[in-house]
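Colleague: predicted coordinates and the sequence they were generated for:
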Amino acid sequence: MVFFGGKETDFFKLLLDQASKTLEGIEALSRFLETLDPAHGQKVKEIETEADEIRRVLIEEINQTFVTPVDREDLFALSRAIDDVLDYANTTVYEFEVYQLKRADEHVKRLVEILHEQARELHQAIKTLDHYPRLANEYAVKAKKAENTMERAYREALGELFRGTDTVHMLKMREIYRHLSNAADRGDEAANTIHSIVVKRGS
């Protein structure tokens, strides 16, 4: 917590709120991909909008606070990376709608499962970052391992996809796979920033 001008700002709470929304959004994406129910897709969009508002408040607080509990650059980078994960989830919903895809294949479901695992680890890392930084770092390491798993699953998905014959379908699915892989890349950046925060705090 930081006091400035008589105002109390809990940056860790704001980051946790943002991470919670990201986890919630990935869970909604998973439900959407099981049935392609537009209601679940709409839920992802709503959660993404709510998360954007939390990030807006966080950035405003960073700009207005003289002293922050960790480097403001790290706060900004962590918030941005978490936001990007949810943005990619949201884009995945839009792509399914625009491409008029009728189902999510097993590779998509596997990639989202890995992304969900990573989001859980990041949520736990941020939840413990303030008071238990070493534990937070352990969760961040697990989030990075999830990104490695994603990379392997992504390459396997592409390998099978391009053995097909429907070129248009291949191009559509490649974009879906790529967005989910990019989401995990951003999760990896979030984990790196958490590690940086832990190191700088001397824990």
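Modeller: That came through, no problem.
Colleague: helix, strand or coil for the residue lying closest to His116 once chain neighbours are set aside?
Modeller: The shortest distance from His116 to any non-neighbouring residue, by Cβ to Cβ, 6 or more residues apart in numbering, is to Ile26 (5.0 Å). C-beta coordinates here come from the backbone N, C-alpha and C atoms, glycine included. On the three-state scheme (DSSP: H, G, I helix; E, B strand; the rest coil), Ile26 is labelled helix.
Colleague: near Ile26, how many other residues are there?
Modeller: 26 (other Cβ atoms under 10 Å).
Colleague: check which residues of stretch 41-55 are buried.
Modeller: Gly41, Lys43, Val44, Ile47, Glu48, Glu50, Ala51, Asp52, Ile54, Arg55 (16 or more other Cβ atoms under 10 Å).
Colleague: which residue would you name as the spatial centre of the protein?
Modeller: In the chain, the centroid-proximal residue (Cα atoms, centre = their mean) is Val85; its distance is 2.9 Å.
Colleague: how about that one, what does it touch?
Modeller: Thr22, Ile26, Leu115, Ala119, Leu122, Ala183, Ala184, Arg186, Gly187, Ala190 (Cβ atoms under 8 Å, 6 or more residues apart in numbering).
Colleague: the helices in this protein, which residues?
Modeller: 11-35, 38-64, 72-98, 106-128, 133-161, 167-200 (DSSP state H).
Colleague: in a markdown table: those, plus mean pLDDT.
Modeller: Below are the helices of the chain laid out as a markdown table (pLDDT from 0 to 100):
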| stretch | mean pLDDT |
| --- | --- |
| helix 11-35 | 96 |
| helix 38-64 | 94 |
| helix 72-98 | 95 |
| helix 106-128 | 97 |
| helix 133-161 | 96 |
| helix 167-200 | 95 |
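Colleague: surely the residue nearest to His116 and Ala119 touch.
Modeller: Yes: counting by Cβ atoms under 8 Å, Ile26 does reach Ala119; the two are 4.6 Å apart.
Colleague: measure Phe11 to Asp130 for me?
Modeller: 9 Å (Cβ to Cβ, to the nearest Å).
Colleague: more crowded one of the two?
Modeller: Phe11 (22 against 19).
Colleague: wait, the more buried one sits on Leu75?
Modeller: Yes: Phe11 lies in contact with Leu75 (Cβ under 8 Å); the separation is 5.9 Å.
Colleague: who touches both of the two?
Modeller: Leu58, Ile62, Thr68.
Colleague: closest to Arg134 out of those?
Modeller: Ranked by distance to Arg134 (Cβ to Cβ), the shared contacts of Phe11 and Leu75 are led by Thr68 at 21.1 Å.
Colleague: what sits against Glu48?
Modeller: Counting by Cβ under 8 Å, 6+ apart, Glu48 has contacts Gly25, Leu86, Asp87, Ala89, Asn90.
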